[in-house]
Structures are given as C-alpha cells and as structure tokens.
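# have a look at this prediction, sequence included:
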There are 2 protein chains.
Amino acid sequence: MSKQKRTVFYLSDRTGITAETLGHSLLTQFDGVEWETVSVPFLDCERKATDVAAWINRAAEHDGWRPLVFSTLQQPEILAIIKQANCRIYDFFETFTHPVEEELHQSSARKAGRSHGLQHHPSYFKRIDAINYVLAHDDGVNPKHFVEADIILIGVSRSGKTPTCLYLGLQYGIAAANYPLTPDDMAVQQLPKAIEAVKHKLFGLTLTPAQLHFIRQQRRPDSEYASLTQCQWEIQWQEALFNRFNIPYLDTTRISIEEISATILDRCGLKRQLYG
Amino acid sequence: MSKQKRTVFYLSDRTGITAETLGHSLLTQFDGVEWETVSVPFLDCERKATDVAAWINRAAEHDGWRPLVFSTLQQPEILAIIKQANCRIYDFFETFTHPVEEELHQSSARKAGRSHGLQHHPSYFKRIDAINYVLAHDDGVNPKHFVEADIILIGVSRSGKTPTCLYLGLQYGIAAANYPLTPDDMAVQQLPKAIEAVKHKLFGLTLTPAQLHFIRQQRRPDSEYASLTQCQWEIQWQEALFNRFNIPYLDTTRISIEEISATILDRCGLKRQLYG
C-alpha cells in the first residue's frame, strides 16, 4: 500500500520552535504517512494569515487530504482566519492555557514571543560565556583551564565530542571542554597527563568500530585512519581505559546529539537550564 | 503581594526536550509565580516513577501547592504511577495523540525516543557537516570557501555572529560563515574585499550602541574598544554600509539567539530542517 501523503503546517507568532517541537514529536509516532512540511514563523498580521489560509487550501486540494496544522498562535484574530481554511488544527495554547490558568488562579498574558525572548541578562551572559568556553577548549586546546570546565568529554577522533560540547554550551549553558585520545596515547593504559588532574570531570564517548569506520570513511576514504582494524583497536583501547579508571562513558552509536547531551547531564548530575 | 511559589516537573521517557519546551512556553505566560523547576529525563521504569511520585508529594507539602507536571511519558504504566501523586498533570501525548490518530486513521506507535533519535544518516551527516563548516569559517577564517556558505553573517565585534552561526548549524544544518567588520574597514564606505563577491549571501547583525557598550564592558572594561563613543561610531558606520549595499540586517538588541536565527532563515528564504 502506498503511503498517505499529507502536508503539515507549523504556525507561530514568533520562532516556531515550540510548534515544530510539539508537532514533530507527535508525528514521529506515525509511520505510514509521507509528510510535506511547511513552517511559517512570525505569522503576526491578518494579511499574512489570509495568505497562509489560501496556501493550506491549495495543499488540501493537491494532496486530496486536509493538512494538519500545529499552532502556537497567540492572537485570536489570526487563529480565526486559519480556522476557516480546510485543515485540522492542533492549537497548543488554546488546548493548555485554560487548564493552566485554572490551576494557577490567574490569567495568562497571552503575549507572543515570551518563550524564546532575551529576558534575563545574567542567564544570557552565562550562555554566551559557555559558548566561548567551548570554542576555546575544543580538541584539547588550553588544558590549563580545564579546572574551570563543568565537564570534559574524551574519546578518539570522530567520536562526537565537538558537536556534543557545542550543544551543551548553546542549549544548556554548560562549560564543556573536550580532549582527543590519539594513537600516541595508546602505547600505555594511562590517562594523558593533561587530563590526569581533572579525572572527576571526564566523560567518555564511544561508538561501535563499524560506525566509527563508516564516519571516518566519509572524511578520509580508504586511509589507515579510517580502516576497520584501526577503528577496532582504538575503540577497544579506549573502552579498556574508561573501565580501568572508572570514567563514565556512553555508546553514542544509535543516538542523537540531543540524547547524548541529555544523558551526560543526567548521569553527571549537572543542572539543566533550558535556553532553547 | 508575595509571589505564589510552585514546583514544576518535566517528565520524559527520553531527553525531556519536548516537555521542557512546551511547558516553558506555557509558563512564561504567567508572571505572578516563582517556579522551582525539576527535570526528570529517562524516566523509563516503574521504580524511578515511584521515586518521582514521592518527590512530587514532598514538593506539594513543602510549597503548600500541588506541583504542575508536564509529561511526554509514553508508557501508560509509568504515567499511571505519576497520576497517583498530588499534582496536576499536563500530558502532551495523552492530549494530542488520539486527535491525531483520528485524523490520520491509524494508530500511534507510542514508542519513546522517536523525536530526537538518530534516524536518518543523510540528515545526520548534513548536520555534522554544517557544524564543521561553521567552526572552520568563524570570524573571517577561510573566506575562499565562502562560496559554499548558505549564509554569511557580518557585523562588528560582539554583535552576536558566532553564537548565531553555531545555532544555525546545530539546530538547522545551515552552513553559516561569519566575517567581522573591524575599525580597519571603517575608513571607507566599501565592503571588505573578502566578501564583495558573495554580497548576495550577506546578512548583517546590529544592536544599539548602548547594548554593544554593555557587552564589550564585560569583556574589556574601560577600554577604548568598549567605550560608548567607539560603539556609537562602529554601529553608525555599519548600518550606513548595510543600507548603502542593500544588505538585509537585524537589530538583535532585545532578542535571543533562537529568534535571531529563525528571523534570518525566514528573511533569507532558507529551508528549515529541525534536528533538535
């Protein structure tokens, strides 16, 4: 049976991040549908809403199914225009605002753009400082400042250290450094000197040799560096090292940067502060 | 009147990102409450759920108000345990899954961790490539590769170019470069040579002189670089340049990295692909 083809619209007064997050996590639960995705952020006037309503109607006609619309629109006039289009609307604020108002015994401000606004200077600077820390302590640079790190990721080349550190800095304001384990280190089962004194901050990233081989092949095809044998040897060595020194570590083979980051925070007891 | 103090729990089978994003955007609509926030990701067994239920009950007793619980839990057994605690639950999947099933004429898989999983290799590599591109083209480095950029942010020092590029790469898989406008460039009203040929990819970041002064003071207090006069001069010069060469630009003074990024994508017509 061929897949149902449907269009999904994410409509928002502001960035659209909340609408996309909600819709995406719901729709990944349904396999049998092929999605065409349309994001409309900054939908903040009636003229734009009329255009979007026409777009929804065209998609309905083209697909033969009405589109799904995930909305975080705050202005009732704009939502009202969308409601006239041929679609099924899931409106996040309409659904949850009243139940939360009821619980808190107060009315919602119903203002757009509060979620991702620059509201508090101190947390803004903490976030920027964390990003700067990550950039200045990538790939083993400046190990003398590792005492200031919240966490130090270690692992062989292409084990995912840099993207994870960046995500931890950007999303959670965590000062994350990283230090590469290189073939030079592998003659012995010892921690490299630069990270011995900060052992309690170390967290290892590992993956299957096959996946490491696959990733390194994209970078330097058919090199010694990318060979399966080399990858097997490096992974075996680093996991033995992690075990010997009781360094917590995570197999990242099947998980995303978001999941790696959330797991590290959880296992290291680091405080989560959401910026995104 | 003193603020109501309440505890909010974000409960998830996996990263907790969806629960936090949704709950956060609802709660920012209410001013009169002081929130204590507890995130519990990876809540995936009944033993943990029993502990969390006890935690919720303690918070209720301590606050004198029952906690609010935002949940993306997928397992009914786990949700059932939480429901016995003294709290008000807002469960996203319970609320929206049935209405979406009804519309799609199929049942949800009701599996945890689909939203932020590493599902598709091609998009994973696009994302990693974008992050690597951003890191290799920060602050005017390697301008000969600017032809490969999706976008090139320009602006004076501390105008927010680097965090925005990182966010565009990590969150949306956009190859974003950035090029600093320096006092050396300011003798003339010309684009620096390195970016002349890629004018159609340029996007300017500006802010108020007062905000730039405030940010630079954190970095190099009482320097010429941070002085209000210098900031006024640099901002005036760059905005005249943007106007003269018809370069789109954005005043970032009051908005977050998320909003800056979403605005740039929207105004440049760049395709959004959500990874987070």
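Sure, I can see it.
# strands along chain A, start to end?
Along chain A, counting by DSSP state E, strands occupy A:4-11, A:33-40, A:68-71, A:88-91, A:151-156, A:176-181, A:202-206, A:249-251.
# now those strands as CSV including mean pLDDT?
Output for these, formatted as CSV (pLDDT from 0 to 100):
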stretch, mean pLDDT
strand A:4-11, 94
strand A:33-40, 93
strand A:68-71, 97
strand A:88-91, 96
strand A:151-156, 98
strand A:176-181, 97
strand A:202-206, 98
strand A:249-251, 97
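# wait, which of those is closest to B:Ala80?
Closest approach to B:Ala80 among the strands of chain A (C-beta to C-beta): strand A:88-91, 24.7 Å. For every residue, glycine as well, the C-beta is placed using N, CA and C.
# can I get the CA coordinates of the closest one in CSV?
Extracted C-alpha coordinates of strand A:88-91, given in CSV (Å, rounded to 0.1, in the frame of the first residue of the first chain):
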residue,chain,number,x,y,z
ARG,A,88,-7.3,20.1,11.2
ILE,A,89,-5.8,22.5,13.8
TYR,A,90,-4.0,21.4,16.9
ASP,A,91,-3.5,24.6,18.8
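# related to what we said a few turns ago, which of the strands of chain A is buried the deepest?
Highest mean neighbour count among the strands of chain A (mean count of other C-beta atoms under 10 Å in any protein chain shown): strand A:68-71, with a mean of 27.
# that older thread, I'd like to know which of the strands of chain A is closest to B:Phe125.
strand A:202-206 (17.6 Å).
# what does that closest one contact?
A:151-155, A:159-161, A:164, A:191, A:195, A:235, A:238-239, A:241-242, A:245, A:247-252, A:260, A:264, A:267-268 (C-beta atoms under 8 Å, 6 or more residues apart in numbering or on different chains).
# quick one, what contacts the closest residue to A:Phe245 other than its chain neighbours?
Excluding the flanking residues, the one nearest A:Phe245 by C-beta to C-beta, 6 or more residues apart in numbering or on different chains is A:Leu191, at 6.0 Å. Counting by C-beta under 8 Å, 6+ apart, A:Leu191 makes contact with A:199, A:202, A:241, A:245.
# out of those, who's the most crowded?
A:Leu202 (23 neighbours; other C-beta atoms under 10 Å in any protein chain shown).
# per-domain residue ranges of chain A.
A:4-104, A:121-268 (automatic domain parsing).
# follow-up on the earlier one: farthest-separated two in the contacts of A:Leu191?
Greatest spatial distance among the contacts of A:Leu191 (C-beta to C-beta): A:Lys199 and A:Leu241, at 11.4 Å.
# which neighbours do the two share?
Both A:Lys199 and A:Leu241 are in contact with A:191, A:247, where contact means C-beta under 8 Å, 6+ apart.
# okay, now the unreliable bits of the stretch 1-150 of chain A?
For the stretch 1-150 of chain A, the stretches flagged by pLDDT under 70 are A:1-2, A:111-122.
# can you give me the helices in it?
A:17-27, A:46-63, A:76-83, A:92-104, A:121-136 (DSSP state H, counting those that start in this stretch).
# most tightly packed of the ones you listed?
helix A:17-27 (a mean of 25).
# beta partners for the closest residue in space to A:Arg272 that isn't next to it in sequence?
Closest residue in space to A:Arg272, ignoring its immediate chain neighbours: B:Ser39 at 5.0 Å, by C-beta to C-beta, 6+ apart. For B:Ser39, the beta-bridge partners under DSSP bridges are B:Tyr10.
# cool, A:Leu250 as well?
Residues in beta-bridge contact with A:Leu250 (DSSP bridges): A:Leu205.
# now do the end-to-end distance for stretch A:162-181.
13 Å (C-alpha to C-alpha, to the nearest Å).
# so is it next to chain B?
Yes. Interface with chain B: stretch A:162-181 contributes A:162-163, A:166-167, A:170-171 (C-beta under 8 Å from any C-beta of the partner chain).
# out of those, who's nearest A:Glu61?
Nearest to A:Glu61 among the residues of stretch A:162-181 next to chain B is A:Gln171, at 39.7 Å by C-beta to C-beta.
# can you get me a residue count around the closest one?
Neighbours of A:Gln171 under the rule other C-beta under 10 Å: 25.
# distance of it relative to A:Leu22?
When distance is defined by C-beta to C-beta, to the nearest Å, A:Gln171 is 18 Å away from A:Leu22.
# how about A:Ile255?
For A:Ile255, the distance to A:Leu22 - C-beta to C-beta - is 21 Å.
# again, but for A:Leu153
Distance, A:Leu153 to A:Leu22, using C-beta to C-beta: 30 Å.
# closest to B:Ala59 out of the strands of chain A?
Closest approach to B:Ala59 among the strands of chain A is made by strand A:151-156 (27.5 Å; C-beta to C-beta).
# is the closest one in proximity to chain B?
No. Strand A:151-156 lies out of reach of chain B by C-beta under 8 Å from any C-beta, never closer than 14.7 Å.
# show me what that strand is packed up against.
Using 3 or more C-beta pairs under 8 Å, 6 or more residues apart in numbering or on different chains; DSSP states H and E, the elements in contact with strand A:151-156 are helix A:161-172, strand A:176-181, strand A:202-206, helix A:228-244, helix A:257-268.
# now these in CSV, with distance to B:Gly32?
Listed next are these as CSV, based on distance: least, C-beta to C-beta, whole Å:
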stretch, distance to B:Gly32
helix A:161-172, 27
strand A:176-181, 35
strand A:202-206, 40
helix A:228-244, 48
helix A:257-268, 30
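# for A:Ala19, what are its contacts?
Listed by C-beta under 8 Å, 6+ apart, the contact partners of A:Ala19 are A:10-12, A:70-72, A:92.
# grab the most central residue of chain A for me.
Residue closest to the mean C-alpha point of chain A, counted by C-alpha atoms, centre = their mean, is A:Glu258 at 3.9 Å.
# which one of the helices and strands packed on strand A:151-156 lies nearest to B:Pro183?
Taking the helices and strands packed on strand A:151-156 one by one with C-beta to C-beta, helix A:161-172 is closest: 28.8 Å.
# rewinding a little: tell me which of the helices and strands packed on strand A:151-156 lies nearest to A:Asn142.
That would be strand A:176-181 among the helices and strands packed on strand A:151-156, by C-beta to C-beta, at 8.1 Å.
# pull up the pairing partners for the closest one, direction included.
Sheet partners assigned to strand A:176-181 using DSSP bridges are listed as strand A:151-156 (parallel).
# distance between the partner strand and the chain's centre?
19 Å (C-alpha atoms, centre = their mean, to the nearest Å).
# from what I see, A:Gly23 and A:Val8 are in contact.
Yes. Judged on C-beta atoms under 8 Å, A:Gly23 makes contact with A:Val8 at a distance of 6.1 Å.
# cool, thanks, signing off.
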